[in-house]
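Participant: Just the structure for this:
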Amino acid sequence: MTSETLNYWMQRFVLEVRKQDGSEYPPRSLYYIVCGLLRYLRDENIHNMNFLDEKDHRFAVFQRVLDARMKELLSKGLGTKVRQADPILQEDEEKIWSQKVFGMHSSKALQYTVFFYNCKLFGLRAYDEHKSLECDQFDLGCDDRGKYIHFHGRSSKTYKGGLRHIQLQNKDIKHYCLNAERCLADFYLAYIDALGHRGPFYRRPLASGIKYSEQVLGINKIKGLMKEITRNAGLVGNFTNHSGKRTCATQLYQAGVDEQDIMSRIGHRSESAVKKYKRTNSVLQESVSKVLDPPKKTKCLHSVQCHA
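Facilitator: The predicted model follows:
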């Protein structure tokens with residue numbers, strides 16, 4: 001395929017591509033689809049057809065068409081309402097505990113507990129870092145600072161371990177359990193003991209006692225764990241497995257932790273990637289709203305129903 005042919009058909013593609021239901025993609029989604037096509041060319045060892053390179057004038061027309069199309073989609077209101085995973089705030093976390101969704105009273109509750117804290121403490125990703133977890137990636141111990149959970153990461157989206165990542169290091173995080181009333185190391189110990197200290201970390205919980213079968217949790221089951229946890233606790237919001245990683249970054253950010261330390265904990269290598277996790281949540285937005293529009297004792301002119 002020549003550059004002229006590719007330039008022509010890429011123009012037609014961005015103008016005509018639609019979802020399965022016939023609706024149009026938001027501008028950002030359209031751009032990511034185009035990036036996926038570029039990645040496909042590279043996977044096919046075609047490296048001289050970068051249609052997103054502004055310096056490559058062969059694709060100047062396509063780039064103008066893509067730019068105009070994205071602006072047109074935005075003017076239609078597409079992509080203006082971004083639905084992102086909500087972080088789980090401290091009060092939400094306490095509610096999960098109070099509703100007995102977390103705990104050692106059942107194998108399912110214990111699995112919920114270690115899954116959530118794998119996300120929060122070690123910044124594990126939505127699915128890819130969970131599916132391959134093994135028991136021997138966790139060491140439990142005690143030193144002069146107290147009990148700890150030591151997590152040894154392996155390959156991930158940002159760390160593949162090849163030649164390009166020779167200067168990087170896998171996650172190596174030691175979390176000290178400083179909450180005397182709720183020592184997370186004890187929960188991890190009970191869970192890993194039940195698994196026999198070997199094999200896959202996520203297995204099907206059994207109904208009687210703290211026991212797990214040899215059957216590994218399926219893909220869809222792992223992907224839906226955070227939704228199960230928050231639904232069982234009665235939390236309202238857009239909670240997905242990605243909420244765990246966002247929870248980790250958000251709470252560190254609110255506590256004033258340095259960006260470099262946040263990057264180390266959640267596994268990102270660029271500050272721009274970390275900043276995506278620092279979007280304001282409802283608590284921060286409420287604080288800003290109070291500054292810009294101080295609350296008064298008089299009633300509002302218009303009654304607006306507030307949903308819990």
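
Participant: Quick check: mean pLDDT of stretch 11-27?
Facilitator: Per-residue pLDDT over stretch 11-27 has a mean of 95.

Participant: Buried ones in it, by neighbour count?
Facilitator: Within stretch 11-27, the residues scored as buried using 16 or more other C-beta atoms under 10 Å are Gln11, Phe13, Val14, Glu24, Tyr25, Pro26, Pro27. All C-beta atoms are positioned from the backbone trio N, CA, C, and that covers glycine.

Participant: Equivalent analysis for stretch 78-93, please.
Facilitator: So stretch 78-93, judged by 16+ other C-beta under 10 Å, has buried residues Leu78, Gly79, Ala85, Asp86, Pro87, Ile88, Leu89, Asp92, Glu93.

Participant: What's the local residue count around Tyr176?
Facilitator: 14 (other C-beta atoms under 10 Å).

Participant: Which pLDDT value belongs to it?
Facilitator: Looking at Tyr176, its pLDDT reads 89.

Participant: same deal with the one 5 residues further on?
Facilitator: Listed pLDDT for Glu181 reads 82.

Participant: Could you do Asp43 as well?
Facilitator: 91.

Participant: Then Ala273?
Facilitator: 51.

Participant: Now name the helix or strand holding Cys142.
Facilitator: For Cys142, the element it lies in under DSSP states H and E is strand 138-143.

Participant: Give the buried residues for that strand.
Facilitator: Neighbour-count burial for strand 138-143 [16+ other C-beta under 10 Å]: Phe138, Leu140.

Participant: Repeat that for stretch 200-210.
Facilitator: Across stretch 200-210, burial judged by 16+ other C-beta under 10 Å covers Pro200, Phe201, Tyr202, Arg203, Pro205, Ile210.

Participant: Of those, which belong to strands?
Facilitator: The subset of the buried residues of stretch 200-210 located in strands under the criterion DSSP state E comprises Arg203, Pro205.

Participant: closest to Ala180 among the buried residues of stretch 200-210?
Facilitator: Distance to Ala180, by C-beta to C-beta, is smallest for Ile210 among those, at 22.4 Å.

Participant: what number of residues lie near the closest residue to Lys147 other than its chain neighbours?
Facilitator: In this structure, Lys147 finds its nearest non-sequential neighbour in Ala185, 4.2 Å apart by C-beta to C-beta, 6 or more residues apart in numbering. Neighbourhood size, Ala185 [other C-beta under 10 Å]: 19.

Participant: same question, Glu134
Facilitator: Neighbour tally, Glu134, other C-beta under 10 Å: 13.

Participant: what do you get for Arg42?
Facilitator: Arg42 - counted by other C-beta under 10 Å - has 11 other residues nearby.

Participant: Let me know the helix or strand that Leu252 is in.
Facilitator: helix 242-254.

Participant: Summarise which helices and strands that helix is packed against.
Facilitator: helix 107-122, helix 225-233, helix 259-266 (3 or more C-beta pairs under 8 Å, 6 or more residues apart in numbering; DSSP states H and E).

Participant: so which of those gets nearest Leu189?
Facilitator: Smallest distance to Leu189 across the helices and strands packed on helix 242-254 (C-beta to C-beta): 10.3 Å, for helix 107-122.
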